[in-house]
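>>> Below is the structure, and that's it, no one-letter string:
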């Protein structure tokens with residue numbers, strides 16, 4: 001039986017949150033093993049006492065993971081668990097990764113995370129002109145240097161970050177506190193549709209889930225988990241953006257803050273972050289320079305059985321080849337097709353996607369392989385030419 005069936009089954013068990021679920025998997029190696037373990041063995045997992053342990057044993061007796069998965073997939077076909085190759089390894093590194101991750105859009109962007117740096121851009125829903133200007137300015141530079149932008153599709157700073165990324169030809173992931181089919185706030189309908197077509201929408205809540213105040217602080221941990229670094233451009237002293245920054249710090253991510261005027265209440269949160277040790281944004285190249293100096297995160301793999309599926313860039317052996325030029329006949333048909341579309345003149349990623357009529361993530365993954373093989377060269381602004 002597929003391991004994802006056990007992730008789904010355990011995720012539906014009352015009393016097991018994301019933290020306990022990850023501990024359970026870490027203790028037994030796989031959740032299928034935990035499902036068939038003796039009740040006494042469950043008590044060895046930190047956080048599972050006699051009361052919860054007995055309830056879990058009773059729950060296992062009346063639930064069939066395979067049947068549950070079959071029914072669930074009929075209602076919610078588009079979701080990942082950590083057992084699936086597409087589930088972002090970067091996200092699984094946090095202490096409380098979502099056991100179910102629902103998606104809509106260009107799913108290949110999730111595969112691109114190990115090879116593309118990602119930055120979370122967050123801030124107030126009511127930014128000043130200064131906050132909007134610098135959010136757009138920083139995001140434009142990130143897009144120009146092939147950095148994926150992650151945000152929460154709220155009003156204000158989130159909207160500025162997503163919109164500028166798309167306008168600049170960059171890649172963006174929006175993490176929602178609703179189902180990925182829900183428009184919230186309603187004023188973001190146009191942007192929601194753009195991201196669904198050109199980016200990726202993610203949520204830990206199934207389709208049809210309406211807005212709930214409790215969902216949005218929880219959503220922030222996913223933004224932090226998907227990001228190598230988190231930037232707060234403008235935020236008051238009490239702000240969800242500060243929760244994201246604190247979570248990012250807890251997860252070992254870098255935190256940056258844009259300084260602002262002492263007279264602006266929306267700068268109070270950023271100034272406090274800087275006072276606590278957040279890195280200071282001094283100009284529009286601060287982030288780019290810092291990303292180049294960051295060590296690679298451990299990228300520990302989720303315990304899925306599908307890690308080595310074809311097309312999963314995390315298991316692609318070409319990533320470990322030296323940058324020499326192999327004979328062209330060794331290329332796969334897909335790689336040869338992309339290579340044929342690249343000339344000695346710089347070609348933008350958008351133009352390649354349009355010419356090849358392939359999803360952005362697939363083209364990007366192939367470009368990474370071709371670049372590592374020494375056949376093409378990547379230029380600033382997500383442009384490519386023959387190497």
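Ah, there it is. Since the structure is predicted, the reported quantities are computational estimates derived from the model, not experimental observations.
>>> residue closest to the middle of this structure?
Of all residues in the chain, the one closest to the mean position by CA atoms, centre = their mean is residue 226, 3.6 Å from it.
>>> which stretches of the protein have low pLDDT?
When the per-residue scores of the chain are filtered using pLDDT under 70, the ranges that remain are 1, 295-301, 303-330, 372, 380-381.
>>> what domains does the record give for it?
Following automatic domain parsing, the chain resolves into domains at 3-75, 100-293, 316-386.
>>> Check those domains for me and report the most buried one.
domain 100-293 (a mean of 21; mean count of other CB atoms under 10 Å). Any C-beta I mention is one placed from the backbone N, CA and C, and that applies to glycine too.
>>> tell me the secondary structure for the closest residue to the residue nearest to the centre of the chain other than its chain neighbours?
Counting by CB to CB, 6 or more residues apart in numbering, residue 150 is the residue found nearest to residue 226 once chain neighbours are left out, at 4.9 Å. For residue 150, the reduced secondary structure class is strand; criterion used: DSSP: H, G, I helix; E, B strand; the rest coil.
>>> does the residue nearest to the centre of the chain really touch residue 89, like I thought?
No - counting by CB atoms under 8 Å, no contact exists between residue 226 and residue 89, whose distance comes to 10.6 Å.
>>> Overlap in contacts, those two.
residue 113 (CB atoms under 8 Å, 6 or more residues apart in numbering).
>>> in the stretch 101-250 of the chain, which spans are helices?
Taking DSSP state H, counting those that start in this stretch as the test, the helices found in the stretch 101-250 of the chain are 108-112, 129-144, 157-167, 189-198, 215-225, 240-250.
>>> tell me what the first one is packed against?
I take that to be helix 108-112. Identification of packing neighbours for helix 108-112 by 3 or more CB pairs under 8 Å, 6 or more residues apart in numbering; DSSP states H and E yields helix 360-372.
>>> Can you name the element that comes right after the helix it packs on?
Once helix 360-372 ends, the next helix or strand along the chain (criterion: DSSP states H and E) is strand 376-379.
>>> what about that next one, distance to the chain center?
With CA atoms, centre = their mean, to the nearest Å as the basis, the distance from the averaged C-alpha position of strand 376-379 to the chain average is 25 Å.
>>> How about stretch 100-116?
Between the mean C-alpha point of stretch 100-116 and the mean C-alpha point of its chain there is a distance of 6 Å (CA atoms, centre = their mean).
>>> Okay, now that stretch: how far is its last residue from its first?
From the first residue to the last, stretch 100-116 extends over 23 Å; the measure is CA to CA, to the nearest Å.
>>> Check stretch 273-280 too.
The straight-line separation of the ends of stretch 273-280 (CA to CA) is 9 Å.
>>> Now the helices of the stretch 101-250 of the chain in TSV, please, with extra columns for distance to residue 7.
Supplementary listing: the helices of the stretch 101-250 of the chain in TSV, determined by distance: least, CB to CB, whole Å:
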stretch	distance to residue 7
helix 108-112	16
helix 129-144	33
helix 157-167	29
helix 189-198	25
helix 215-225	16
helix 240-250	22
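>>> how about the domains of the chain in JSON lines, adding distance to residue 82?
Written out in JSON lines, the entries for the domains of the chain read as follows (distance: least, CB to CB, whole Å):
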{"stretch": "domain 3-75", "distance to residue 82": "6"}
{"stretch": "domain 100-293", "distance to residue 82": "9"}
{"stretch": "domain 316-386", "distance to residue 82": "20"}
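>>> and residue 85, which of those is closest to it?
domain 100-293 (7.9 Å; CB to CB).
>>> How are the strands of this protein distributed by residue range?
Under the criterion DSSP state E, the chain contains strands at 79-80, 101-105, 118-122, 148-151, 172-175, 200-203, 229-232, 254-257, 279-280, 347-348, 376-379, 383-386.
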